[in-house]
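[1] Give me coordinates for this.
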Amino acid sequence: MNWVFLILAGVFEMIGVLMINKLHKDRNLISLVLLVAGFGLSFIFLSLAMKTLPMGTAYAVWTGIGASGGAILGMVFYGEPRNALRIVFIAMVLGSAVGLKLVS
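    Residues are numbered from 1 along each chain as shown. Sure, this is the predicted structure:
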């Protein structure tokens, strides 16, 4: 269950990151509430996951999901560049997170 909590923490981190850009573009209350909720739920699920997972592994996987997901969502929703090197490096971050799961 701890890995499910960690994945949920990463997904909510992605939502928080997405809402930062949305709030920057559309300064409204809904974007602000979603930003706070995204990051708040992210930290709650991260703390639940860290009850049994090592801190270094949990933090690395959480930031990997958040950073990669944020970059991918930026490409999908905000027209950020989609060049091959950027995708390779995102894959490397995700591969590192999977590697940490395999060794822990």
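[2] in the chain, which ranges drop under the pLDDT threshold?
    Scanning the chain for pLDDT under 70 picks out 104.
[3] Count the residues that sit near the nearest residue to residue 16 once chain neighbours are set aside.
    Nearest residue to residue 16, sequence neighbours excluded (Cβ to Cβ, 6 or more residues apart in numbering): residue 38, at 3.3 Å. Using the backbone N, CA and C atoms, a C-beta is placed for each residue, glycine as well. One way to gauge burial is a neighbour count; for residue 38, by other Cβ atoms under 10 Å, it gives 20.
[4] just residue 22 next, same as before
    19.
[5] wait, doesn't it sit right on residue 32?
    No - assessed by Cβ atoms under 8 Å, residue 22 is found out of contact with residue 32, at 9.4 Å.
[6] Only the C-alpha atoms, please, for stretch 42-55, written as CSV.
    Listed next in CSV are the C-alpha coordinates belonging to stretch 42-55 (Å, rounded to 0.1, in the frame of the first residue of the first chain):
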residue,chain,number,x,y,z
SER,A,42,0.8,15.2,-2.3
PHE,A,43,2.4,15.9,1.0
ILE,A,44,-0.2,13.9,2.9
PHE,A,45,0.3,10.8,0.7
LEU,A,46,4.1,11.2,0.8
SER,A,47,4.1,11.2,4.6
LEU,A,48,1.9,8.1,4.6
ALA,A,49,4.3,6.3,2.2
MET,A,50,7.3,7.3,4.3
LYS,A,51,6.0,5.4,7.3
THR,A,52,7.4,2.3,5.7
LEU,A,53,9.6,3.3,2.8
PRO,A,54,13.1,4.7,3.2
MET,A,55,13.1,8.5,3.0
